[in-house]
Structures are given as structure tokens and as C-alpha cells.
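S.K.: got a predicted structure here, sequence first:
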Amino acid sequence: MKSTVGVSIGDAAARFGIATHVLRHWESMGLLAPSRSGGDRRRYDDADLFRIATILRAKEAGLSLADIRAVLATDSPVRRRELLRRHRHELARRIERAQAAMALLDCASGCTHQDLATCPHLREHITS
């Protein structure tokens, strides 16, 4: 059984800049299992806080909560690697599209033409 030492749900949520209902939702989905104090209050220990940080990073990488649960729940390194490899491929494609968008913005911001649609550099960038 987990020790009741740890931080409250409010403190845990504040530490990560999220609402307490988010942590409750993650718990209902099986992503978190904080210990409970005598008054049935949630207590988040260091392992729980690390798990919250992991969930947040995984969400930033584009994983759904169901996918995060699958990754965290599996005790098969092979299965975990397969799940993460698929998401890594998708993230790489999103990064590539974001870099292309950034290049477009950089090109457009350097344009001195009155009408951006007539800029030959921008046209070349878009058609290449």
C-alpha cells in the first residue's frame, strides 16, 4: 500500500498548471492511482508527480489519453516500443509540416512587395 505522504490534489495540479478535475479524470481513466489519506483525500507522491509529468509530455507529443494508458500499462518493452514508434513517426510528420509552415512565415515576413500574392520569392517557396 502506498504511503499517505505526498501533496494534495490542489498542490499537484498547481505544480503543473492544470485543473484538479484533470487529475480526477486521469484517475478515472486509470492513468493515475494516488494514495488516499485518512479522510479519503488524494495524496500524490514523487512517483505520481513523475507520472503526471510523463502524461503531460506524452500529450504534447500528440498521444491520446487511451494511448498513454496503453503505453504506461504495458509491461512488455516490445509492445511499448511498437506503440511509441508509431507515435514517433506521426510526430516527425507533424514537425516536418510545422517546419515548412515556419519557413513559409519566414519567407513571407521578408517580402517587400505591396501585394504578398505577387512576391516571386513566396511563389517560388510555395510551388517548390
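M.R.: That came in fine, so what should we check first?
S.K.: what does stretch 45-62 rub up against?
M.R.: Stretch 45-62 has contacts (C-beta atoms under 8 Å, 6 or more residues apart in numbering) with 2-3, 5-7, 12, 15-16, 18, 23, 26, 31-35, 44, 65, 67-68, 71-72, 87, 90-91, 94. Yep, even glycine has a C-beta here, placed from its N, CA and C like the rest.
S.K.: tell me the buried residues in that stretch?
M.R.: For stretch 45-62, burial by neighbour count (16 or more other C-beta atoms under 10 Å) applies to 45, 48-49, 51-52, 55, 58.
S.K.: elements contacting the helix or strand of the chain with the lowest mean pLDDT?
M.R.: Within the chain, no helix or strand scores below helix 120-127, which has a mean of 83 by mean pLDDT, DSSP states H and E. Secondary-structure packing of helix 120-127 (3 or more C-beta pairs under 8 Å, 6 or more residues apart in numbering; DSSP states H and E): helix 77-109.
S.K.: name the residue most distant from the centre of this protein?
M.R.: What lies farthest from the middle of the chain is residue 114; by C-alpha atoms, centre = their mean that is 40.1 Å.
S.K.: now do the domain split for this protein, please.
M.R.: Domain assignment for the chain by automatic domain parsing gives 1-73, 77-128.
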